[in-house]
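J.: got a structure for you, letters missing:
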């Protein structure tokens, strides 16, 4: 490993020396353009808890600006699923928009959609950590920028920033009367509206109000009248912020936000049937015995369910589907006080909460094994309520240019409670060529509530599980940078964070019976960081970084026993080179990195699809800390250039290689794969090769500004499940690992706009734009499960189809 890092350092240093000479050979056109004095704008980030120049900050960072979001018509974090930041991967958990999976550099959780589990990438809004996957897909409310910090951020961000951090920075009140209004229409019945209003400062108080509406009808229709389709959303959000600045030494920023998101999951469709060529049973055989013996498979429902290898726009079967509801809210106060000219004290206090009511019937035709008069349509229901409180205190200062520092204290408290049920909404007739919808209360007038006889209305559900969990985390941290007077180009940074995590909870219901499966987790740790940076030239900086991070331990809600598992830890090594060339018209950043992960948290997932089984539809998942060391390593390249005063372009590339040792198989009762035997696992949502690029062109036109934007993103095939297994034999019972990879993808987004249109004689200006996401209507499978290959076939979810629309903005 050390040899590889030394080789990488040599390559980076060589590039730094050669690059200026090579680019100096640029053509006359570029030299003439330089004479205008134009250059790429300086990008400011707060990754080190203070404002710094992106190019002078010695860590790997990508920044998504407000203009980037507007140009690509990105309305929520799920819009980043297209891969515009190659090392950042955003996906739905399962097929649900109600919870997002966020990963960086191969640190991607499979299932953190629970009360006592965490992501490996921290998501923050104005420095406040968001504790749950649920609610992450709320509308983005007037974002100034999104900073993507790649690699462990264990020192300054701490808990659960193992793979990196996603830091969302909202626009603050300006104290000037000004505003923006947005309205738009698009295909699939989409519309959006925004209002962002700043009010003139009074009594040193600046007030800002933001409101947003985003709506889209389903892209896959539901044949059942009165029911929602799939991949639709209706988001509403509001934010009020006030900035009080009684003097130039003190400020208090108060903000409160409230977001509501009604959405449905992406549609899960059957993409093959009986891939192992097992003997298909006759209707008489299935009528006699519903469950298929080894080496056989039940037929598809007669004429109702079809195999679809391309994106499906209408379900073959109508069913009950109502939108999930995600409600997120929060309030925060950020206080800053300049005690001395070179010392500022800060306090960030926040309380947040999430309420999620999940309704997921996306697998109506893809995950149901046919049997006469059998129930089908597994309706995955979940109600989660989470509250959190956090307090952070920072001291940020310096002793001149030679020594800067930040020290702080942090406290986080969280409580979460969740219950889940999986009733069936449909029932086949005796021949499988028709179906009826079951009663929403499940009773049909008689009988007790059971797994097979339950409804989806509250009070009629057979609770598969219910749990609650509490977490407390406290930390003290510090980081300092020293620049020797004798060596002003050398910057030595060291830091550390001591954290104590405590967590406890109870799985108090299993299979609708009261249980008492408690868990406790108590762990303390120290995460160090060392960074050596050197300014090889005024515009070229090299750095080498060592750091650690972790994802907290917990327990799996879907486990039958709520057994605790330990923290996942990572040790990271990174070298990088940041270059500003051609008088600031070309920016090149390179990073080579490696992460050694120990005690990796691995999920084994199983859903019973056997018709008539007492546990039909039951979802069991076990989490284990894998033995050995998992290795993630890669290379990242970011290039931005101002080709002319009117044309700019950029390119990013990420190569990521992952290796995970086998993990012990956790399930009992399997005669082919004994409990504890080694089982292969995969890193999810991590393409080996990913790239993105963009072109922006603008010029004056008839007193306004013509703007053209196009961006594209490519990702190679990747896994969507960590570990899957199925009976693969056409002649006997043979269980094997079967996890499959998704398709590769190439998505293009584009927009054309006429901006700075004068509106009357005042200061108001308008912008009219035509936008499209997935311009070429490319389709690919972004999520695939092979776990049901032995009983029916693979099911998959496709990316969204092409969307487009017209939008008008006015600024005043």
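T.: Received, thanks. This one's a predicted model, so the numbers in the text were calculated from it and none came from an experiment.
J.: alpha carbons only for contacts and neighbour counts from here, please
T.: Fine.
J.: which one in the chain is furthest away from the centre?
T.: residue 284 (47.3 Å; Cα atoms, centre = their mean).
J.: in which helix or strand does it reside?
T.: helix 283-288 (DSSP states H and E).
J.: now that helix: buried residues?
T.: For helix 283-288, a neighbour-count test (16 or more other Cα atoms under 10 Å) marks 283, 286 as buried.
J.: list the contacts for the residue most central in space within the chain?
T.: Centroid check for the chain by Cα atoms, centre = their mean gives residue 102 as the closest residue, at 2.7 Å. Each residue near residue 102 by Cα atoms under 8 Å, 6 or more residues apart in numbering is listed here: 88, 89, 90, 91, 108, 109, 119, 120, 121.
J.: how much space is there between it and residue 516?
T.: Note on residue 102: its distance to residue 516, by Cα to Cα, to the nearest Å, is 32 Å.
J.: doesn't the residue nearest to the centre of the chain lie inside a helix?
T.: No. If the criterion is DSSP: H, G, I helix; E, B strand; the rest coil, then residue 102 is strand and not within a helix.
J.: which residues of this protein fall in helices?
T.: 2-23, 28-34, 66-71, 283-288 (DSSP state H).
J.: report the buried residues of stretch 293-306.
T.: 294, 295, 296, 297, 298, 299, 300, 301, 305, 306.
J.: and the contacts of it?
T.: With Cα under 8 Å, 6+ apart as the test, stretch 293-306 has contacts from 270, 274, 278-283, 286, 291-292, 316-317, 365, 369-371, 431-434, 729-733, 790-792.
J.: pLDDT of that stretch, averaged?
T.: The predicted model gives stretch 293-306 an average pLDDT of 89.
J.: check stretch 732-750 too.
T.: Computed over stretch 732-750, the mean pLDDT rounds to 90.
J.: over to stretch 329-339?
T.: 98.
J.: list the buried residues of that stretch.
T.: Applying 16+ other Cα under 10 Å to stretch 329-339 flags 329, 330, 331, 332, 333, 334, 335, 336, 337, 338 as buried.
J.: and stretch 64-71, how far out from the chain middle?
T.: 18 Å (Cα atoms, centre = their mean, to the nearest Å).
J.: also stretch 637-650?
T.: For stretch 637-650, the distance to the chain centre is 28 Å (Cα atoms, centre = their mean).
J.: same thing with stretch 594-610?
T.: Using Cα atoms, centre = their mean, the offset of stretch 594-610 from its chain centre is 18 Å.
J.: start at 194, not 1
T.: With 194 as the first residue, the last one maps to stretch 787-803.
J.: the lengthiest strand in the chain pairs with which strands, parallel or anti?
T.: What stands out as the longest strand in the chain, according to DSSP state E, is strand 706-730. Looking at strand 706-730 with DSSP bridges, its partner strands are strand 683-703 (antiparallel), strand 733-744 (antiparallel).
J.: need the ones you listed in a markdown table with mean pLDDT, mean neighbour count and distance to residue 269, can you?
T.: Putting these into a markdown table (pLDDT from 0 to 100; neighbours: other Cα atoms under 10 Å; distance: least, Cα to Cα, whole Å) gives the following:
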| stretch | mean pLDDT | mean neighbour count | distance to residue 269 |
| --- | --- | --- | --- |
| strand 683-703 | 96 | 21 | 31 |
| strand 733-744 | 96 | 24 | 25 |
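J.: any chance of these in CSV, plus distance to residue 319?
T.: Shown next, in CSV, are the strands paired with strand 706-730 (distance: least, Cα to Cα, whole Å):
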stretch, distance to residue 319
strand 683-703, 20
strand 733-744, 21
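J.: so residue 917 touches residue 932, yeah?
T.: Yes. Here residue 917 reaches residue 932: they are 5.1 Å apart, a contact under Cα atoms under 8 Å.
J.: what sits in contact with each of these two?
T.: 978, 979, 980.
J.: quick check, the last one in contact with residue 919.
T.: Yes. Using Cα under 8 Å, residue 980 is in contact with residue 919, at 5.4 Å.
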